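Novice: No sequence on hand, only this structure:
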Ligand SMILES: C[N+](C)(C)CCCC[C@H](N)C(=O)O
Ligand SMILES: O=C(O)CCC(=O)C(=O)O
């Protein structure tokens with residue numbers, strides 16, 4: 001049971017407006033005693049004795065004389081409420097800023113002091129040892145000063161939190177915030193709204209150019225750079241502008257072609273057959289973040305490329321059959337790759353959701369590289385094939401396929417956690433060069449350029 005509202009005051013949010021002083025525990029309940037009794041009562045419905053808590057009900061609210069001087073323009077209502085819980089050794093205060101209620105636990109507040117002692121100013125790493133903070137830590141004093149919440153801790157350490165910082169950080173469910181909303185697409189919509197190729201020089205020489213390409217990548221799941229010299233070096237430079245090249249069994253920079261030394265990889269991509277839409281490297285525990293392609297030499301016949309928005313497909317599946325979608329969110333599927341001296345394997349779900357927000361963050365689909373379905377109970381087999389059929393129908397539907405021809409000069413970046421790619425069969429020589437980029441690093445670049453937080 002929580003004994004709440006030990007004190008409550010309504011503050012006008014303005015400079016030095018109102019000062020709330022925390023109550024010092026009465027002699028009846030020293031904090032340690034309170035802590036240990038709290039521990040004893042965890043799991044019980046209520047406290048056996050309310051006597052100690054009654055003495056804690058008396059709190060002082062100290063208003064400063066500046067309260068009357070609140071500038072009308074600065075007025076934002078801040079409701080301030082201090083709560084002490086006796087059923088667990090955690091206490092918190094409640095604050096209402098700009099219409100939003102924040103429940104701020106003291107242990108969290110102490111742990112999140114951003115001052116230059118608590119956060120190393122060179123490395124931005126935490127200096128504070130969280131384990132040193134008593135779970136029942138209580139501030140000596142709490143004030144709202146202008147746009148800041150100022151807390152003095154028992155050891156004299158003072159923390160100043162800006163209310164904006166608290167608004168941004170002190171509530172749960174914050175995902176990796178993309179400043180750029182995703183636009184999901186199908187064959188029809190991608191024609192009217194699609195990435196704008198960024199010219200090579202602008203892309204190489206300006207942050208704005210790089211930013212525009214990354215913005216398209218975040219929005220549509222692919223981005224383009226045009227006017228790139230049709231060679232591997234220029235392609236690598238273009239790729240490295242985003243992130244370092246990920247070395248895999250295929251090397252760093254690679255070629256996809258049906259002839260020559262490269263055909264030795266034991267994979268259908270190193271041939272001239274058509275390839276249905278798929279996500280690459282599903283057999284890695286962390287599939288490659290981006291696939292970069294630059295067609296250095298077009299096939300005399302065929303070899304067109306296709307893209308399918310995996311997130312759009314996911315939404316279609318969810319709309320048609322929410323159970324099938326949920327099943328694919330929680331059903332582990334193996335993928336593998338066998339090559340000379342290689343046996344790669346990973347088991348993971350088709351759709352992966354953000355653990356905070358439940359938003360879709362990753363799609364895996366590669367029927368070529370799928371392993372033996374021995375990861376689910378026998379009686380789920382019909383369900384699995386049913387869900388897979390629904391999904392595959394969407395993946396293969398012409399309504400979702402965006403066909404185009406890659407030609408020398410245009411580099412395409414494909415978000416391999418979202419967008420599937422494939423190609424038509426071709427005849428004659430065709431040379432595709434490219435590489436993989438790691439997801440952490442391309443998202444890091446996007447954050448650095450202000451596209452995500
Ligand atoms: C791109 N590159 C030609 C180097 C490799 C292609 C790998 C193809 C494989 N089946 C997969 O989907 O992962
Ligand atoms: O050749 C192409 O256009 C695509 C090849 C492919 O799908 C791959 O390398 O994964």
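Specialist: Sure, I can see it. Keep in mind the model is a prediction, meaning the values are calculated, not measured. Ligands and ions are numbered 1, 2, ... in the order given.
Novice: Out of the helices and strands in this structure, which is least certain?
Specialist: Evaluated with mean pLDDT, DSSP states H and E, the helix-and-strand set of the chain has its lowest mean pLDDT in helix 51-55, which scores a mean of 23.
Novice: Return the list of helices and strands in contact with the helix or strand where residue 389 lies.
Specialist: Under the criterion of DSSP states H and E, residue 389 resides in helix 381-396. Packing contacts for helix 381-396, counted by 3 or more CB pairs under 8 Å, 6 or more residues apart in numbering; DSSP states H and E, involve strand 275-278, helix 310-320, helix 322-330. From N, CA and C alone the C-beta is placed, and that goes for glycine too.
Novice: list the buried ones in it?
Specialist: 384, 387-388, 390-392, 394-396 (16 or more other CB atoms under 10 Å).
Novice: all helices for the stretch 151-300 of the chain, in order.
Specialist: With DSSP state H, counting those that start in this stretch applied, the stretch 151-300 of the chain shows helices at 163-169, 189-192, 200-205, 207-220, 232-240, listed in chain order.
Novice: Name the surrounding residues that touch the third one.
Specialist: Helix 200-205 has contacts (CB atoms under 8 Å, 6 or more residues apart in numbering) with 208-210, 212-213, 225-229, 234, 237-238, 241.
Novice: quick one on the thing from earlier: and ligand 2, which of the helices and strands packed on helix 381-396 is closest to it?
Specialist: For the helices and strands packed on helix 381-396, the distance to ligand 2 is smallest for strand 275-278, at 4.6 Å, taking CB to the nearest ligand atom.
Novice: Can you tell me what sits against the closest one?
Specialist: Residues contacting strand 275-278 (CB under 8 Å, 6+ apart): 268-269, 306-308, 365-369, 395-396, 401, 420-423.
Novice: what pLDDT, on average, does it get?
Specialist: When the per-residue pLDDT values of strand 275-278 are averaged, the result is 97.
Novice: mind checking how far that strand is from the chain centre?
Specialist: In terms of CA atoms, centre = their mean, to the nearest Å, the centre of strand 275-278 is found 27 Å from the chain centre.
Novice: Number of residues surrounding the closest residue to residue 345 other than its chain neighbours?
Specialist: Distances taken as CB to CB, 6 or more residues apart in numbering place residue 336 nearest to residue 345, at 4.5 Å, with adjacent residues excluded. Taking other CB atoms under 10 Å as the criterion, the count of residues near residue 336 is 16.
Novice: before we move on, what about residue 325?
Specialist: 21.
Novice: Residue 390 touches residue 319, doesn't it?
Specialist: No - with contacts counted by CB atoms under 8 Å, residue 390 stays clear of residue 319, the gap being 10.7 Å.
Novice: was I right about residue 314 contacting residue 325?
Specialist: Yes - between residue 314 and residue 325 a contact is recorded at 7.0 Å, counting by CB under 8 Å.
Novice: Please enumerate the shared neighbours of the two.
Specialist: residue 351.
Novice: tally of neighbours for residue 367?
Specialist: Residue crowding around residue 367 was assessed by other CB under 10 Å; the count is 14.
Novice: Give me the phi and psi angles of it.
Specialist: In this entry, residue 367 is assigned phi and psi values of phi -70, psi -30 (degrees, to the nearest 10).
Novice: And stretch 158-166, how far out from the chain middle?
Specialist: Between the mean C-alpha point of stretch 158-166 and the mean C-alpha point of its chain there is a distance of 24 Å (CA atoms, centre = their mean).
Novice: Also stretch 212-227?
Specialist: The chain centroid and the centroid of stretch 212-227 are separated by 19 Å, computed with CA atoms, centre = their mean.
Novice: Quick check, pLDDT for residue 380.
Specialist: In this model, residue 380 carries a pLDDT of 96.
Novice: and it, how far is that from residue 373?
Specialist: Per CB to CB, to the nearest Å, residue 380 is found 9 Å from residue 373.
Novice: Show me what from the stretch 101-250 of the chain comes close to ligand 1.
Specialist: Those residues of the stretch 101-250 of the chain that sit near ligand 1, judged by CB under 6 Å from any ligand atom, are residue 250.
Novice: about what we covered before: with mean neighbour count as new columns, can the helices of the stretch 151-300 of the chain be given to me in JSON lines?
Specialist: Output for these, formatted as JSON lines (neighbours: other CB atoms under 10 Å):
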{"stretch": "helix 163-169", "mean neighbour count": "15"}
{"stretch": "helix 189-192", "mean neighbour count": "14"}
{"stretch": "helix 200-205", "mean neighbour count": "17"}
{"stretch": "helix 207-220", "mean neighbour count": "20"}
{"stretch": "helix 232-240", "mean neighbour count": "18"}
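Novice: Please convert these to JSON lines, extending it with mean pLDDT and distance to residue 141.
Specialist: Rendered in JSON lines, the data for the helices of the stretch 151-300 of the chain read as follows (pLDDT from 0 to 100; distance: least, CB to CB, whole Å):
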{"stretch": "helix 163-169", "mean pLDDT": "90", "distance to residue 141": "17"}
{"stretch": "helix 189-192", "mean pLDDT": "96", "distance to residue 141": "57"}
{"stretch": "helix 200-205", "mean pLDDT": "98", "distance to residue 141": "53"}
{"stretch": "helix 207-220", "mean pLDDT": "98", "distance to residue 141": "44"}
{"stretch": "helix 232-240", "mean pLDDT": "98", "distance to residue 141": "52"}
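Novice: what's near enough to touch residue 208?
Specialist: When the contact criterion is CB under 8 Å, 6+ apart, the partners of residue 208 are residue 202.
Novice: Find the residue closest to the residue of the stretch 51-200 of the chain found nearest ligand 1 in space, skipping its chain neighbours.
Specialist: With distances taken as CB to the nearest ligand atom, the stretch 51-200 of the chain approaches ligand 1 most closely at residue 195, which sits 20.8 Å away. In space, residue 195 comes closest to residue 216 once its chain neighbours are excluded; the distance is 3.6 Å by CB to CB, 6+ apart.
Novice: Pretty sure that neighbour sits against residue 196.
Specialist: Yes - in this structure, residue 216 sits in contact with residue 196. The criterion is CB under 8 Å, and the distance is 6.9 Å.
Novice: Give the intersection of the neighbour lists for these two.
Specialist: residue 224.
Novice: how far off helix 207-220 does the host helix or strand of residue 445 point, in degrees?
Specialist: Under DSSP H and E, the secondary-structure element containing residue 445 is helix 439-448. For the pair helix 439-448 and helix 207-220, the angle between their directions (axes from the mean of the first three to the mean of the last three CA atoms, to 10 degrees) equals 120 degrees.
Novice: so what does helix 439-448 touch, helix or strand wise?
Specialist: Based on contacts counted as 3+ CB pairs under 8 Å, 6+ apart, the elements that helix 439-448 packs against are helix 207-220.
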